[in-house]
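Engineer: below is the structure, and that's it, no one-letter string:
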């Protein structure tokens, strides 16, 4: 069970790469978005499922490492990027723009994103990127209208 939780938390072990694990984890969100976007219900259920699996696996990694937000945990970036397309169609241009904007938000943690890091354990790991993805989704929706 612990190997499965680590596999999920690290995005199929992509988070163990020695450099830019968050960026590579975000890239894993691209095929996920394309797969889930076949149907709106599938998309919503898939994102909800990933949130809860991410929360459980991130909680496991927080306890294993003793770190508040272990760098190798990238399931939060995968979900955050997927949420960018909640209100926006995943066209090639939008996938690229969403990637860039999400990475900026993920790195800078603008208000209110940074507030959600203070939640304890795996929940805090997941929430800041969840809110970041939603923020980028709303921004892109308004930008593209």
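Structural biologist: It's in. Since this is a predicted model, take the numbers as computed values, not measurements. Residues are numbered from 1 along each chain as shown.

Engineer: from here on, just use CA atoms for contacts and neighbour counts.
Structural biologist: Noted.

Engineer: how far off centre is the helix ranked longest in the chain?
Structural biologist: For the chain, the longest helix by residue count, based on DSSP state H, is helix 40-65. Centroid separation for helix 40-65 versus its chain: 9 Å, with Cα atoms, centre = their mean, to the nearest Å.

Engineer: what of stretch 79-88?
Structural biologist: That offset, for stretch 79-88, works out to 9 Å (Cα atoms, centre = their mean).

Engineer: name the surrounding residues that touch it.
Structural biologist: 26, 29-30, 32-33, 47, 50-51, 94, 98-99, 102, 129-138, 140-141 (Cα atoms under 8 Å, 6 or more residues apart in numbering).

Engineer: okay, helices next: where are they in this protein?
Structural biologist: 2-9, 21-36, 40-65, 75-83, 92-108, 121-144.

Engineer: Serialize those to a markdown table and add fields for distance to residue 115.
Structural biologist: Putting these into a markdown table (distance: least, Cα to Cα, whole Å) gives the following:
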| stretch | distance to residue 115 |
| --- | --- |
| helix 2-9 | 22 |
| helix 21-36 | 19 |
| helix 40-65 | 17 |
| helix 75-83 | 16 |
| helix 92-108 | 12 |
| helix 121-144 | 7 |
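
Engineer: report all helices and strands that the longest helix of the chain contacts.
Structural biologist: helix 2-9, helix 21-36, helix 75-83, helix 121-144 (3 or more Cα pairs under 8 Å, 6 or more residues apart in numbering; DSSP states H and E).

Engineer: what's the angle from that helix to helix 121-144?
Structural biologist: Counting by axes from the mean of the first three to the mean of the last three Cα atoms, to 10 degrees, helix 40-65 lies at 140 degrees to helix 121-144.

Engineer: pull out the buried residues from helix 40-65.
Structural biologist: 43, 46-47, 50-51, 53-62 (16 or more other Cα atoms under 10 Å).

Engineer: now, which of those sits nearest residue 2?
Structural biologist: residue 60 (7.8 Å; Cα to Cα).

Engineer: ok, the closest one - contacts?
Structural biologist: 2, 5, 6, 122.

Engineer: quick check on these: which are buried?
Structural biologist: So, by 16+ other Cα under 10 Å, the buried ones in the contacts of residue 60 are 5, 6, 122.

Engineer: the second one contacts residue 59, correct?
Structural biologist: In this case it means residue 6. No. Applying Cα atoms under 8 Å, one finds residue 6 not in contact with residue 59, separated by 10.2 Å.
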